[in-house]
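No sequence on hand, only this structure:
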Ligand SMILES: [Zn+2]
């Protein structure tokens, strides 16, 4: 660290401390007189100086929140300071690679998922953590044999497709029908009302704008097409980019089967359909999926707080994935970053946090946030209160920072996070930003009671190239990005607004 950086860090630590003081972080009893107030101000100033000087006075150290400010400083220096962070460090990546190489993808209801959970439990034990699992009954969807074939007057070719989660199967011999192409729901409904969808396979060929706009075509289109008498539903994969990679994902179960096509395959169908002088394309669809119920587990790794064990900061990610690829980004990076944040605090920073830190590896998110919702239902009335719930589930790419939300994100909490953000920025940490916005699916319910948030990247739509595809392999994950995100999460996990 340069002298300038060191000075900056000290300055921002002081700022952070001031923010902590401002939110009543120090043990100051409201003072009835100005004399008392002055005395307390002097007291604060002593503390700031003590922290800036890099050592605590015995008196100052008694203040619990201040000890957390110094802990944060220590953690930043350890995880991001010179000589302590090895640029080639890739422990989290190596662990995720070993797990995914060994057990493959982790769809709900699979051996791969349950064995991966066992592996993480063993790893946490080896790393010296308290770890336990909580059973969650889940419903699952298993893909089975599937194919889609384009049939025209002049050629026949396999289409690159993925059945959608919780789709109905086709009859054993499949379905063959003429295709009708719609560009959106208005188009679909218009054709449906005119009787044009009866007996047809509908392709919804949505042109990508952004994920939140396109995802409804995947999740709700089959039911809509069924209403108008369609016999199957196809959707163009919800992605800005394709190398003939279909993207799977969940769909509301309808009475007709539903599948996604790679962008290129959807476009071929659309172009042929648009030509009046040739026959409409036909598709033959075979899907032998099945649904069922089974038991899975949420996995909880804990560092119990030394002073406030009932105040909990949760970091999480979902351990299940889709069945194509190995779910390296979605959400291998997420659950591993959450786990690795605790690992770094325990083994690198060697801190014993004042409040409880909890990494939760949620199960069965892809099949309907089943683990996250079960975790909330099981713990919302616990004596130990979740004060902050942070999640990583948009992959780990060029780090941007945290997006925060929640009823407890008041000005005081916001200032505290801003203080940490400013400190991280000054010491050159990528992913220093804190912004307001949407928190992830698995922690969304905690927003009613806590500060909630999600990690985000500075890469726009890039994540959606890999999302739910066979290409979501370890090559999609940069080891330094993963280490950086886990390290930054670790810093934020040490901060606790509204403890008292
Ligand atoms: Zn995910």
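That came in fine, so what should we check first? For clarity, every value in this text was computed on a predicted model and none was experimentally measured.

can you count the residues close to the residue of the stretch 151-300 of the chain found nearest the ion?
Taking CB to the ion as the measure, the point where the stretch 151-300 of the chain comes nearest the ion is residue 249, at 10.0 Å. C-betas here are computed from N, CA, C, even on glycine. Residue 249: 18 surrounding residues under other CB atoms under 10 Å.

ok, now which ones touch it?
Neighbouring residues of residue 249 by CB atoms under 8 Å, 6 or more residues apart in numbering: 164-165, 215, 218-219, 238, 260, 322, 366, 468.

In contact with the residue minimising distance to the centre of the chain: list those residues for me.
Central residue of the chain (CA atoms, centre = their mean): residue 393, 1.1 Å from the mean position. Going by CB under 8 Å, 6+ apart, residue 393 touches 317-318, 330-331, 334, 365, 440-442, 454-455.

give me that answer again for 10 Å
Counting by CB atoms under 10 Å, 6 or more residues apart in numbering, residue 393 makes contact with 316-318, 329-331, 333-335, 338, 362, 365, 372, 439-443, 454-455.

distance of the closest residue in space to residue 292 that isn't next to it in sequence from the ion?
Closest residue to residue 292 apart from its sequence neighbours, by CB to CB, 6 or more residues apart in numbering: residue 140 at 5.7 Å. From residue 140 across to the ion, the span is 16 Å (CB to the ion, to the nearest Å).

Equivalent analysis for residue 364, please.
11 Å.

quick one: low-confidence ranges for the stretch 401-500 of the chain?
499-500 (pLDDT under 70).

and residue 406, how many neighbours?
By other CB under 10 Å, 22 other residues sit near residue 406.

which SS state does the residue of the stretch 1-150 of the chain found nearest the ion fall under?
Residue of the stretch 1-150 of the chain nearest the ion, by CB to the ion: residue 106 (11.1 Å). Secondary structure state of residue 106, per DSSP: H, G, I helix; E, B strand; the rest coil, is coil.

Whichever strand or helix holds residue 283 pairs with which strands, and in what direction?
In this structure, residue 283 is located in strand 282-287 according to DSSP states H and E. Strand pairing for strand 282-287, using DSSP bridges, gives strand 146-151 (antiparallel), strand 175-182 (antiparallel).

Return the most buried member of the ones you listed.
Most buried of those, by mean neighbour count (mean count of other CB atoms under 10 Å): strand 175-182, with a mean of 20.

I'd like the next helix or strand past that one.
Later in the chain than strand 175-182, the nearest helix or strand by DSSP H and E is helix 185-193.

list the helices and strands that following helix packs on?
strand 175-182, strand 201-204, helix 211-227 (3 or more CB pairs under 10 Å, 6 or more residues apart in numbering; DSSP states H and E).

Output these in a markdown table; the columns should cover distance to residue 357 and mean pLDDT.
A markdown table is the format used below for these (distance: least, CB to CB, whole Å; pLDDT from 0 to 100):
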| stretch | distance to residue 357 | mean pLDDT |
| --- | --- | --- |
| strand 175-182 | 49 | 98 |
| strand 201-204 | 44 | 98 |
| helix 211-227 | 31 | 97 |
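
nearest to residue 80, of those?
helix 211-227 (31.4 Å; CB to CB).

now the angle from that closest one to helix 185-193?
Calculated by axes from the mean of the first three to the mean of the last three CA atoms, to 10 degrees, helix 211-227 forms an angle of 10 degrees with helix 185-193.

Could you see whether the ion lies near helix 211-227?
No - judged by CB under 5 Å from the ion, helix 211-227 stays clear of the ion, getting no closer than 11.8 Å.

helices or strands next to that helix in the packing?
The contact analysis (3+ CB pairs under 10 Å, 6+ apart) places helix 211-227 against strand 175-182, helix 185-193, strand 201-204, strand 232-236, strand 258-261.

do that again at 6 Å, thanks
If contacts are counted by 3 or more CB pairs under 6 Å, 6 or more residues apart in numbering; DSSP states H and E, helix 211-227 sits against strand 201-204, strand 232-236.

Buried residues, the longest one. List them.
The neighbour-count criterion (16 or more other CB atoms under 10 Å) identifies 232-236 as the buried residues of strand 232-236.

now it, how far from the chain's geometric center?
In terms of CA atoms, centre = their mean, to the nearest Å, the centre of strand 232-236 is found 27 Å from the chain centre.

before we move on, what about the first one?
Between the mean C-alpha point of strand 201-204 and the mean C-alpha point of its chain there is a distance of 31 Å (CA atoms, centre = their mean).

ok, residues contacting that strand?
Contact with strand 201-204 is made by 177, 179-182, 217, 221, 225, 230, 232-235, 269, 283, as judged by CB atoms under 6 Å, 6 or more residues apart in numbering.

Was I right to think the residue of the stretch 1-150 of the chain closest to the ion contacts residue 320?
Yes - applying CB atoms under 6 Å as the test, residue 106 and residue 320 come out as touching, 5.0 Å apart.

which residues do those two both contact?
Common neighbours of residue 106 and residue 320, using CB under 6 Å, 6+ apart, are residue 113.

returning to what we had before: how much space between the residue of the stretch 1-150 of the chain closest to the ion and residue 258?
Applying CB to CB, to the nearest Å, the value for residue 106 to residue 258 is 22 Å.

Residue 129 now?
Distance of residue 129 to residue 258, given as CB to CB: 41 Å.

ok, those two, which is more surrounded?
Neighbours were counted for residue 129 and for residue 258 using other CB under 10 Å; residue 258 has more, 29 against 20.
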